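K.L.:
I would like to see how this sequence folds:
(one chain, ligands or ions: 1)
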Amino acid sequence: MQQPLSFIYRYEPPAREHAPTLLLLHGTGGNEDDLLPLGRMIAPGAALLSPRGKVLENGMPRFFRRLAEGVFDEDDVRRRADELADFISAARERHGLPQPIAVGYSNGANIAAAMLLLRPEALAGAVLLRPMMPLGDAPVTRLAATPVLVLSGSMDPIASDAGTARLVSALNTGGASVVHRELPAGHELSQADIAAARTWLAAAARPVAQRLAEAAS
Ligand code: MLT
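P.N.:
Below is the predicted model of the structure:
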C-alpha cells in the first residue's frame, strides 16, 4: 500500500501531454478545494496539485503561524517552507509531475514567496496574488530567471505597498524575472486577476512545456 504524503491534498491529472502543473495554495481559512476552479480557469488542462495548509488558527487552515495580522513567526515560515518543498518533491515523484508553477493567494502567496526565497528549486515559477514579504531579511537566493507574476491591489488593507515592494525587490535581486501589476482592487480577487494570471501563465508556461517536450523526445 502507498504511504500517504505529508499533506492532505487534491490532485487533478493534466488533460493534455506536456501541460504545466499548478501548485494551488489557498488563503487563511481556505482548503484544498478552494482554488481548483481558479486553476482550471487560468490554465485549462494543467495538472493541479492543491495541498491544505497544516497550521490551524482558530480552526482556520494556514501555511505558517503568525503572531498577529501581518506579523509572522519566521522560524515557522522557514520550517513550513521546507516541509512544503519536500511535499512537492514527493508528490512529483508519486504523480510523475514536472516542477510546478505556484499559484498562491494571500497566505498561500506568502508561503510561495518564502519557498522562492528559501527553496528556489521547488518551483518553476509563481503567480503571487496579494503577497507580502514573509521574511525580515531576504536570504541570498539564486532564482535563475524564474518567472514570477505579482498581482497587488491598490486598495488592499492587508498587504501594504511597502511589503509588496520589499518582496518584489528581493525576488529581483535573486535574479527572478518579475512582472508586478497593481490592480484597482482590495485584498479580494477580481476578474482582472483571473485575466492577468491567465495571460501571463500562457506565456510563462510555454518555455516549461517546451523543456518537457524536449526532455521526452
Ligand atoms: C498572512 O498571514 O499570510 C497574511 O496576513 C495574509 C492573510 O492570510 O491574511
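
K.L.:
List the beta-bridge partners for the residue positioned nearest the centre of the chain.
P.N.:
When Cα atoms, centre = their mean is applied to the chain, the residue found nearest the centroid is A102 (3.2 Å). Beta bridges link A102 to L23, A126, judged by DSSP bridges.

K.L.:
Doesn't A90 belong to a strand?
P.N.:
No - counting by DSSP: H, G, I helix; E, B strand; the rest coil, A90 is located in no strand; its state is helix.

K.L.:
where does this protein have its least confident helix or strand?
P.N.:
Least confident helix or strand of the chain, by mean pLDDT, DSSP states H and E, is helix 191-216 with a mean of 80.

K.L.:
And the strands in this structure?
P.N.:
When assigned using DSSP state E, the strands of the chain occupy the ranges 9-12, 21-25, 47-51, 55-57, 60-62, 66-68, 71-72, 101-105, 125-129, 147-153, 177-183.

K.L.:
near the ligand, anything from the fourth one?
P.N.:
What it means is strand 55-57. No - judged by Cβ under 6 Å from any ligand atom, strand 55-57 stays clear of the ligand, getting no closer than 8.5 Å. Bear in mind the C-beta positions are built from the backbone N, C-alpha and C, glycine included.

K.L.:
May I see the strands of the chain organised as a markdown table, with mean pLDDT added?
P.N.:
Formatted as a markdown table, these follow (pLDDT from 0 to 100):
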| stretch | mean pLDDT |
| --- | --- |
| strand 9-12 | 98 |
| strand 21-25 | 98 |
| strand 47-51 | 98 |
| strand 55-57 | 98 |
| strand 60-62 | 98 |
| strand 66-68 | 96 |
| strand 71-72 | 96 |
| strand 101-105 | 98 |
| strand 125-129 | 98 |
| strand 147-153 | 98 |
| strand 177-183 | 97 |
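
K.L.:
now those strands as JSON lines including distance to L167?
P.N.:
As requested, these are exported to JSON lines (distance: least, Cβ to Cβ, whole Å):
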{"stretch": "strand 9-12", "distance to L167": "25"}
{"stretch": "strand 21-25", "distance to L167": "15"}
{"stretch": "strand 47-51", "distance to L167": "22"}
{"stretch": "strand 55-57", "distance to L167": "20"}
{"stretch": "strand 60-62", "distance to L167": "18"}
{"stretch": "strand 66-68", "distance to L167": "16"}
{"stretch": "strand 71-72", "distance to L167": "13"}
{"stretch": "strand 101-105", "distance to L167": "12"}
{"stretch": "strand 125-129", "distance to L167": "8"}
{"stretch": "strand 147-153", "distance to L167": "7"}
{"stretch": "strand 177-183", "distance to L167": "9"}
